[in-house]
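> Pasting the sequence and the predicted model now:
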Amino acid sequence: MLIRKRARLVFSFVASALLASGALAADSIGEPGRGSKGPNPLKNVYFGEEHMHTSSSFDAFTVGVSTTWDDAYNFAKGKEVKLSTTGEKMKRRTPYDFVAITDHSEYFAVLKEFNNSKSDLSKSDFARQIVAGVKDPSKAGPAVQKLIQTLVHSDPLPEYVTPELRQSMWQKYLKTADKHNDPGKFTALYAYEWTSIPNGANMHRNVFFKDKAAAVPFSAFDSIQPEDLWTYLEIQRGQGIEVFAIPHNSNVSDGWMFSPNKFLGGPMDERYARRQMLNEPLFEIHQTKGNSEASPYLSPNDEFADFEPFRSLISLGTPSAIKGGFYRQGLVEGMKIESRLGFNPYKMGVTAGADVHSGYQGNEEWDWKGAHGNLDDTPQKRLNPVPNATGETGYGVSSAGTTAVWATENTREGIWNGMMSKETYGTTGTLIRLRFFGGWSYPSSLTDDKDFVKKGYGAGVPMGQDLPKKAGDAPTFAVWAQKDPESGNLDRVQIVKAWSNPRTGFPAEKIYDVAWSDGRKIDAKTGKLPAVGNTVDIQTASYTNDIGDTQLSVVWTDPDFDPAIKAVYYVRVLEIPTPRWSTYDAAKLGVDPPSGVPATIQERAYSSPIWYTPEGT
């Protein structure tokens, strides 16, 4: 433990010296080859955004956002830009490695033309009403409501969804992405959001292309059914265009995202399960509209389950169904479906994102600028206790999450391959580095071995994969985590195990604290690890890294393994408490933080899972 504390002091100095282009340039035991030139066969981690909106999204435009695609890419790369609604200058402290701008495919990039006097789209009375409402929200009512209802009822205004418009706007986006794509330095992914939301149930998906894109995006105006979106994806792949989709916000899907049934249909069948498994390899676990890992109602023994909740259907204010709405339960539901049908529709790795509609990636807690244009673009607006158009208060939303991808190189192909292999993880915004391997015979000293990563791959599998054929009494897992130099130290590493109770069929789970800081001991009576402590000064929104460790690692064997039961394992890494963004805002205004949310949070990272399937099943 003394070594860990010494490492904390050294790491803070070295990290600040090595931080360049958003990533540590030096090698580490968990990231060997990071500093070398060219592709790294043992893979580097790349941090980025897989979900954000600019003025090309209809809803962002209606709340005053004028941020362009160029602005969004430039901000991601560490350049100074302005928040479009206020003119406030902003700049990332740590640049991103990749970005996917995912504007809504419904009215894709059309409404921003209402501000272009040279465009015929700006000439209609409807366009003038929308623009008037953007400038003066008191005039926004009828036109904006008409626009929203077209989405709710999948009944578009035909003059704004013509084939010519859809194709031309999409091509402009692709050209902008190509302009900013810089292989080896920065990756601009082709992507968009499909926005199905019948009866307020969020069934949204972000769609990603590898290196060639479809001629036109598929939208919820084409269909609100995931099956029809999958048909579109399958047709593209049949034409040599690689593509997949990432669902998000299961927490406000009204229980549909991880349901045993087809969406708005009967029980799931084999074909439906197989198609979802093939088309949706990943899931977005965290973003501004809340955290979708677990619910305290489904996981009452998980002291960290009630994290950044967003409980109501978007804009409606009515509670979203809990069962079927969270990733951990979905992992178990998927294994149950697999036992019945032969395919696991919810065998998804993990990502995280922003869903910020203000044209930037807001993962840095200390510099949050809001998520919804002129509704929350100042501290005063964000701390206002009155619910806004999302159905929540401004301070009820979270700052953005971040996606991490292990890839051989920072190119479209490299990031794509990492995502398709599910060697990804999601964080609540912090840039924690995380490795997770599973096998049957890892030695207890593996994470101290200079060849840790090479041997991890060689004798097992990384996050996102299936354990190899059983070759031991119980699976062994190797975990390595390193702190974000700009954030809090690490509190603990946990392994979450989930399975289906063989007697009742109900989801079952157990959370193991497997590595932790500061020499604490598990309480013999409660079985819980004591809290790490808290150094946050709420009035000044500051903290110190006098507790926690800079790096944690462990080799752990499941003590409760039953070879006859399917199981899934994933890692959750927690930081020490740090100020929530709302506490930073309160300190700027010299007021107390809002009472409706915690003043401090423990940022965290979630690995993609490793699955175990008994032989012969």
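Good, I have the coordinates.

> Does residue 587 lie in a helix or a strand, and which?
Taking DSSP states H and E as the criterion, residue 587 maps to helix 581-589.

> For that helix, name the packing helices and strands.
helix 379-382 (3 or more Cβ pairs under 8 Å, 6 or more residues apart in numbering; DSSP states H and E). Bear in mind the C-beta positions are built from the backbone N, C-alpha and C, glycine included.

> next helix or strand past the helix it packs on?
Next element after helix 379-382 (DSSP H and E): strand 402-407.

> who does that next one pair up with?
When pairs are called by DSSP bridges, strand 402-407 turns out to pair with strand 44-49 (antiparallel), strand 424-427 (antiparallel).

> Show residues contacting that strand.
43-50, 98, 351-353, 363, 414-415, 417-419, 423-434, 462, 605 (Cβ atoms under 8 Å, 6 or more residues apart in numbering).

> what's the angle from the following helix or strand past it to strand 402-407?
Downstream of strand 402-407, the first helix or strand assigned by DSSP H and E is helix 412-420. Helix 412-420 and strand 402-407 are oriented at 110 degrees to each other (axes from the mean of the first three to the mean of the last three Cα atoms, to 10 degrees).

> Generate a ChimeraX selection restricted to the buried subset of the contacts of strand 402-407.
Paste this into ChimeraX to select the buried members of the contacts of strand 402-407, with burial taken from 16 or more other Cβ atoms under 10 Å:
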select :43,44,45,46,47,48,49,50,98,351,352,353,363,414,415,417,418,419,423,424,425,426,427,428,429,430,431,432,433,434,462,605
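
> that older thread, want to throw the strands paired with strand 402-407 into JSON lines with distance to residue 572 and mean pLDDT?
Formatted as JSON lines, the strands paired with strand 402-407 follow (distance: least, Cβ to Cβ, whole Å; pLDDT from 0 to 100):
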{"stretch": "strand 44-49", "distance to residue 572": "17", "mean pLDDT": "98"}
{"stretch": "strand 424-427", "distance to residue 572": "10", "mean pLDDT": "98"}
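
> So for residue 388, which of those strands sits nearest?
With Cβ to Cβ as the criterion, residue 388 lies closest to strand 44-49 of those, at 23.0 Å.

> just how off-centre is the closest one within its chain?
Chain-centre distance of strand 44-49: 12 Å, with Cα atoms, centre = their mean, to the nearest Å.

> pull the CA atoms of that strand into CSV?
In CSV, the C-alpha atoms belonging to strand 44-49 read as follows (Å, rounded to 0.1, in the frame of the first residue of the first chain):
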residue,chain,number,x,y,z
ASN,A,44,-4.2,2.0,-27.2
VAL,A,45,-7.3,3.4,-25.6
TYR,A,46,-8.9,6.3,-27.5
PHE,A,47,-11.5,8.6,-25.8
GLY,A,48,-14.3,10.3,-27.7
GLU,A,49,-17.9,11.2,-28.3
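
> For the next helix or strand after that strand, report the contacting residues that lie outside it.
Following strand 44-49 in sequence order, the next helix or strand is helix 58-62 (DSSP H and E). Under the criterion Cβ under 8 Å, 6+ apart, residues 53-55, 67, 103-104, 106-107, 110-112, 114, 130, 133-134, 140, 144, 147, 357-359, 373 lie in contact with helix 58-62.

> Could you look up the SS state of the nearest residue to residue 469 once chain neighbours are set aside?
The shortest distance from residue 469 to any non-neighbouring residue, by Cβ to Cβ, 6 or more residues apart in numbering, is to residue 615 (6.7 Å). With DSSP: H, G, I helix; E, B strand; the rest coil as the basis, residue 615 sits in coil.

> Could you measure from residue 615 over to residue 114?
Using Cβ to Cβ, to the nearest Å, one obtains 61 Å as the distance from residue 615 to residue 114.

> what do you get for residue 594?
35 Å.
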